[in-house]
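# model this:
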Amino acid sequence: MRDKKEKLIVIYVGDAHNVVNRIVFNHCRGNVEASALRKHIADAMGYKLKRTKRPSGSTRVRIDMPDPQIGERKISAYIQTGKWKYVICESYNEAHDFQWYVIEMLNPLLNKERKQWDIRRSDRYSFLLQELSKCPPLQCTQLIYQAAGPGVYAFYHIIPPHKFKT
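Numbering: from 1, shown residues only. Take a look at the predicted model:
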């Protein structure tokens, strides 16, 4: 039994029109094509991605291995052993801008891109970040019946993806 509480690492921050649906359906169970988080985790785990054009003109993205589902299952296992925090915003526009504030403040492991956020909203964003920080960390299965709406989510784990073993 461990006496020391394991420290959660901020892995990724994102925004969504419906944070709970985005987390549950695209991140926890999705595939690399539908989730930037899953793409970043795949890259961190050393998987190469293969992009091919569909007849419709859209691009198909898959893990480049004989059975891509092996990689998808490992990514799912990693995500499902992590924790989520999220905060609901007044609108998607607020959430979209607020995510850049959160990324700047928390410096998540997998978010490499940084963008400007509306500095006039500093007080509001500071309040929202406090709310996000106070949110209890939840597993994928605990999110299903939670309040949803436009917002920002943060994914946490005790280990970085490149060290994850299944």
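# could you use CA atoms for every contact and neighbour count after this?
Will do.
# which helix or strand contains residue 41?
helix 36-44 (DSSP states H and E).
# buried set for the very next helix or strand once past that helix?
Downstream of helix 36-44, the next assigned helix or strand under DSSP H and E is strand 49-53. Buried residues in strand 49-53, counted by 16 or more other Cα atoms under 10 Å: residue 49.
# also stretch 155-166?
For stretch 155-166, using 16+ other Cα under 10 Å, the buried residues are 155, 156, 157, 159, 160, 161.
# alpha carbons only: can I get the helix holding residue 41 in CSV?
Once side chains and other backbone atoms are set aside, the C-alpha atoms of helix 36-44 remain, and they are given as CSV (Å, rounded to 0.1, in the frame of the first residue of the first chain):
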residue,chain,number,x,y,z
ALA,A,36,-6.5,15.8,-31.4
LEU,A,37,-5.8,14.4,-27.9
ARG,A,38,-5.6,10.9,-29.2
LYS,A,39,-3.3,12.1,-32.0
HIS,A,40,-0.9,13.7,-29.5
ILE,A,41,-0.9,10.6,-27.3
ALA,A,42,-0.2,8.4,-30.3
ASP,A,43,2.7,10.6,-31.2
ALA,A,44,4.0,10.6,-27.6
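# quick one: average pLDDT of it?
Per-residue pLDDT values over helix 36-44 give a mean of 97.
# what is the nearest of the buried residues of stretch 155-166 to residue 149?
Within the buried residues of stretch 155-166, distances to residue 149 taken as Cα to Cα reach their minimum at residue 155, with 17.2 Å.
# give me the pLDDT value at residue 27.
Looking at residue 27, its pLDDT stands at 96.
# I'd like to know how far the residue nearest to it when sequence neighbours are not counted sits from residue 42.
Spatial nearest neighbour of residue 27, chain neighbours left out: residue 35 (6.0 Å); criterion: Cα to Cα, 6 or more residues apart in numbering. In this structure, residue 35 and residue 42 are separated by 11 Å, where distance is defined by Cα to Cα, to the nearest Å.
# who's more crowded, those two?
Neighbour totals were compared for residue 35 and residue 42, and residue 42 leads with 21 against 18 (other Cα atoms under 10 Å).
# looking at the buried residues of stretch 155-166, which are in strands?
Among those, the residues falling in strands (DSSP state E) are 155, 156, 157.
# can you lay out those as JSON lines showing distance to residue 137?
Supplementary listing: those in JSON lines, determined by distance: Cα to Cα, whole Å:
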{"residue": "155", "distance to residue 137": "9"}
{"residue": "156", "distance to residue 137": "8"}
{"residue": "157", "distance to residue 137": "10"}
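# quick check: mean pLDDT across stretch 148-164?
The predicted model assigns stretch 148-164 a mean pLDDT of 97.
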